[in-house]
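Trainee: Requesting a structural model of the entry that follows:
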Amino acid sequence: MGFPCRRHLLSWVVLAGVLVAGPAAAATPGEVRAERASADLVLVREGDVVGEDLYAAGNRVRIEGVIEGDLVASATRSTEVPGRVQGDVTVVARSVVVTGRVEGAVRVVAGSLLIDGEVDGDVWFGGGTLVLADGARVGGDVAGWAAVWDTTGEVGRNVLGRSIDARLGGEIGGDVELDAWRLRVIDGTMVAGGLTYRASREAQIDQGATVTGSVTRRQSLLPNVRFRSLLVLTWILAAIGFIVAGLLSLVAVPGIAQQAVRAAGSSPLRSAAVGVLALLLPSAVLLLLTAPAAGPAPDLVLPLLAVGLPFFLGILGVVALAAALGAVPVVTAVGRRILRRRSAFAGFLLGTVLLIGLLVVPLVRWVALPVVVLIGLGAWIIGAWRSRGDSSWTLPAQPGRHRSEGAEPPSEQVGDASLDDDHRLQAEAGEDAGPDAGPVT
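Mentor: Okay, here's the model as predicted:
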């Protein structure tokens with residue numbers, strides 16, 4: 001298969017830029033540029049010629065004319081190619097329809113792909129529904145992943161992929177290799193090579209279907225063996241990663257961690273409320289950025305995305321990081337309360353063991369994990385707010401060292417706060433500065 005090569009990686013990189021930069025069309029002097037026929041349509045009219053590669057983004061992209069290079073497009077709704085593309089087609093859209101001719105390869109990530117025309121190269125698809133209509137032709141391979149796989153046209157080489165529900169028809173010039181929950185080879189199908197499939201049930205092959213090579217069924221691994229092995233490995237790696245990340249966070253930002261542990265231990269409801277608001281913030285920002293699309297000014301969507309997308313991604317990254325470490329202040333607060341000692345590290349490790357024990361119970365895990373993450377996420381935010389302006393990364397001084405005669409006793413610091421400041425902060429927050437309320441170490 002010729003399409004997954006280094007050269008095509010550039011198309012996906014440029015496509016990522018198109019998602020932010022907006023629609024544009026490249027053309028040499030004297031030739032036709034892509035026309036924005038309306039606020040939401042990027043259109044190359046019938047009879048028009050784009051002399052180079054075309055990079056387009058909009059609600060709809062429609063190619064009725066000729067593109068003498070590649071087409072790289074992003075559409076919130078649909079991309080339609082009833083015209084001719086002499087290069088490759090790379091598209092991310094809700095739906096893609098090719099009724100014209102593509103002389104190169106077609107690579108699509110979409111909810112659906114319908115090919116009712118001609119593609120001289122390969123077709124790669126990832127998404128919901130792949131349809132190669134009766135009478136359509138693909139000169140190369142058809143490969144990818146589709147929930148629904150329906151190919152009744154002509155395929156020049158191989159059919160390779162995975163699907164839930166697959167139906168094969170038409171003429172296939174090479175081999176067929178499919179992983180499918182349900183596979184049917186309909187009457188009139190002609191496979192020049194072999195048919196190899198992996199499924200938990202026998203494929204339905206109609207009497208009028210012809211397979212020149214051998215038909216081989218590879219038994220799938222039992223789902224419980226595969227998934228349980230993967231689940232156990234995931235749990236182990238996640239636990240190790242969480243412990244390492246949690247210890248690093250306690251060392252890297254001791255001042256914020258101290259305040260976050262206090263917030264989680266003394267005000268769990270307030271922390272949970274702040275966590276819920278933090279999770280809603282990225283959605284609210286994205287809604288504000290895309291709201292003009294449903295209003296009278298859809299032209300503002302792409303400029304707003306270009307300006308606001310980095311801001312949105314930044315907020316999303318911070319919230320995701322805080323959510324990933326959300327359990328750290330919660331388990332630390334619980335562990336310290338049980339141990340009745342000042343060590344945050346020992347409390348964190350004990351609390352982590354208790355949390356893992358809860359997550360082993362099937363029904364409890366779905367309640368415990370969201371609650372812990374919400375409380376911890378809010379606690380981190382409260383801790384960062386209370387520690388604003390504290391730029392020190394100083395760890396607490398080691399206790400138990402005797403001072404020389406006449407020397408001042410060393411103060412244990414977390415951030416810029418000494419033990420006296422620590423008690424003052426507790427008093428301001430209305431907390432009891434008891435023996436269990438020491439600084440994070």
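Trainee: what bits of the stretch 1-150 of the chain have low per-residue confidence?
Mentor: Applying pLDDT under 70 to the stretch 1-150 of the chain picks out residues 1-39.
Trainee: quick one, helices of it?
Mentor: Assigned by DSSP state H, counting those that start in this stretch, the stretch 1-150 of the chain shows helices spanning 6-21.
Trainee: again, but for the stretch 301-441 of the chain
Mentor: 301-324, 327-339, 344-360, 362-386, 419-428.
Trainee: Verify the stated contact: Ala333 with Ala344.
Mentor: No: checked against Cβ atoms under 8 Å, the pair Ala333 and Ala344 is beyond contact range at 9.3 Å. Backbone N, C-alpha and C define where each C-beta goes, glycine included.
Trainee: about what we covered before: reformat the helices of the stretch 301-441 of the chain as JSON lines; add mean pLDDT and distance to Val159.
Mentor: Below are the helices of the stretch 301-441 of the chain laid out as JSON lines (pLDDT from 0 to 100; distance: least, Cβ to Cβ, whole Å):
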{"stretch": "helix 301-324", "mean pLDDT": "68", "distance to Val159": "37"}
{"stretch": "helix 327-339", "mean pLDDT": "87", "distance to Val159": "46"}
{"stretch": "helix 344-360", "mean pLDDT": "85", "distance to Val159": "42"}
{"stretch": "helix 362-386", "mean pLDDT": "84", "distance to Val159": "40"}
{"stretch": "helix 419-428", "mean pLDDT": "43", "distance to Val159": "67"}
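Trainee: looking at those helices, which is buried most?
Mentor: Ranked by mean neighbour count, those are led by helix 327-339 with a mean of 24 (mean count of other Cβ atoms under 10 Å).
Trainee: other SSEs contacting it?
Mentor: helix 223-252, helix 254-266, helix 344-360, helix 362-386 (3 or more Cβ pairs under 8 Å, 6 or more residues apart in numbering; DSSP states H and E).
Trainee: how does it look with 7 Å?
Mentor: Contact here means 3 or more Cβ pairs under 7 Å, 6 or more residues apart in numbering; DSSP states H and E; on that basis helix 327-339 packs against helix 254-266, helix 344-360, helix 362-386.
Trainee: So which of the ones you listed is nearest Asp116?
Mentor: Closest of those to Asp116 is helix 362-386, at 44.8 Å (criterion: Cβ to Cβ).
Trainee: ok now stretch 345-361, how far from the chain's centre?
Mentor: 28 Å (Cα atoms, centre = their mean, to the nearest Å).
Trainee: next one: stretch 377-388
Mentor: 27 Å.
Trainee: And for stretch 46-54?
Mentor: 34 Å.
Trainee: What's the end-to-end length of that stretch?
Mentor: 16 Å (Cα to Cα, to the nearest Å).
Trainee: Can you point out the buried residues in it?
Mentor: Judged by neighbour count (16 or more other Cβ atoms under 10 Å), stretch 46-54 contains these buried residues: 48, 50-51, 53-54.
Trainee: next one: stretch 170-187
Mentor: 170-180, 183-186.
Trainee: Let me know the closest of those to Ala133.
Mentor: Taking those together and measuring to Ala133 by Cβ to Cβ, the closest member is Gly170, at 9.4 Å.
Trainee: coming back round to it: next, format the helices and strands packed on helix 327-339 as TSV and append distance to Val42.
Mentor: TSV is the format used below for those (distance: least, Cβ to Cβ, whole Å):
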stretch	distance to Val42
helix 254-266	47
helix 344-360	49
helix 362-386	40
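Trainee: now for those, which one comes closest to Met190?
Mentor: Using Cβ to Cβ, the helices and strands packed on helix 327-339 put helix 362-386 closest to Met190, at 49.2 Å.
Trainee: Now do that closest one: everything it contacts.
Mentor: For helix 362-386, the surrounding residues in contact (Cβ atoms under 7 Å, 6 or more residues apart in numbering) are 256-257, 259-260, 263-264, 268, 271-276, 278, 322-323, 325-330, 355, 358-359.
Trainee: one more time with 8 Å, if that's ok
Mentor: Here helix 362-386 makes contact (Cβ atoms under 8 Å, 6 or more residues apart in numbering) with 256-264, 267-268, 270-279, 319, 322-323, 325-331, 355, 358-359, 425, 429.
Trainee: coming back round to it: to Thr152, which of the helices and strands packed on helix 327-339 lies closest?
Mentor: Once the helices and strands packed on helix 327-339 are compared by Cβ to Cβ, helix 362-386 is nearest, at 42.9 Å.
Trainee: by how many degrees do that closest one and helix 254-266 diverge?
Mentor: Going by axes from the mean of the first three to the mean of the last three Cα atoms, to 10 degrees, helix 362-386 is angled at 130 degrees with respect to helix 254-266.
Trainee: before we move on, back to that, quick one, which of the helices and strands packed on helix 327-339 is nearest to Arg60?
Mentor: Closest among the helices and strands packed on helix 327-339, using Cβ to Cβ: helix 362-386, at 38.7 Å.
Trainee: residue contacts, Gly265?
Mentor: Going by Cβ under 8 Å, 6+ apart, the list of residues near Gly265 reads 333-334, 336-337.
Trainee: Closest one to Ala133 out of the residues you listed, please.
Mentor: Val334 (60.0 Å).
Trainee: Now do the closest one against Gly347, distance only.
Mentor: 8 Å (Cβ to Cβ, to the nearest Å).
Trainee: Need the buried residues of stretch 46-54 in JSON lines (columns: distance to Ser229).
Mentor: Shown next, in JSON lines, are the buried residues of stretch 46-54 (distance: Cβ to Cβ, whole Å):
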{"residue": "Asp48", "distance to Ser229": "56"}
{"residue": "Val50", "distance to Ser229": "51"}
{"residue": "Gly51", "distance to Ser229": "54"}
{"residue": "Asp53", "distance to Ser229": "45"}
{"residue": "Leu54", "distance to Ser229": "47"}
